[in-house]
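K.L.:
Structure for the following, please:
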Amino acid sequence: MACRITEFVIDCADPRLLADFWCEVLGYVEIDQEDGYVEIGPPGTGSGGPQPTLVFGPGTEPKREKLRLHLDVSPTDRDQDAELQRLLDAGARKVDIGQTGAETWHVLADPEGNEFCLLRRRVEAVKST
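P.N.:
Predicted coordinates for the structure are as follows:
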């Protein structure tokens, strides 16, 4: 037997803002909301499905340094340039962490400054069950 990652919990100042942003980015839907926490995941699967859900919870501690963990996302239905524009339009912003310009990915931040990368490689969307 082994474990499986079922959810990522992200502390933030505004759980609703980040849940809405990441629903737009990932095509997720709200699964649950309780005690200030908002859980989102793939449509039609709910908690415990094949992909981890994201849980945004209220936190007051501001980010002070580089996170030890970040998310990478890959486009599913368009090229990287079109997906970059879609993410920027949704509220992401470009972040300079010392890139050289030769990278095949873009470093972005969500509305609260959490860094994530948009990769070039296009992947197939996971089908809902």
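
K.L.:
Could you check how far the residue nearest the centre of the chain is from residue 3?
P.N.:
Residue closest to the mean C-alpha point of the chain, counted by C-alpha atoms, centre = their mean, is residue 22 at 5.1 Å. Remark: distance between residue 22 and residue 3 (C-beta to C-beta, to the nearest Å) = 23 Å. For glycine as for every other residue, the C-beta is placed from the backbone atoms N, C-alpha and C.

K.L.:
Same check on residue 25?
P.N.:
For residue 25 relative to residue 3 (C-beta to C-beta), the value is 26 Å.

K.L.:
Would you map out the domains in this structure?
P.N.:
Following automatic domain parsing, one gets these domains for the chain: 1-60, 68-124.

K.L.:
Quick one: classify the residue lying closest to residue 14 once chain neighbours are set aside as helix, strand or coil.
P.N.:
In space, and not counting its chain neighbours, residue 14 is closest to residue 112: 6.9 Å by C-beta to C-beta, 6 or more residues apart in numbering. Using DSSP: H, G, I helix; E, B strand; the rest coil, the structure places residue 112 in coil.

K.L.:
Numbering from 174 from now on, please.
P.N.:
Sure, I'll start numbering at 174, so the last one becomes residue 285.

K.L.:
tally of neighbours for residue 285?
P.N.:
18 (other C-beta atoms under 10 Å).

K.L.:
separation between it and residue 245?
P.N.:
Counting by C-beta to C-beta, the gap from residue 285 to residue 245 is 18 Å.

K.L.:
Could you do residue 202 as well?
P.N.:
Where residue 245 is concerned, residue 202 sits at a distance of 21 Å (C-beta to C-beta).
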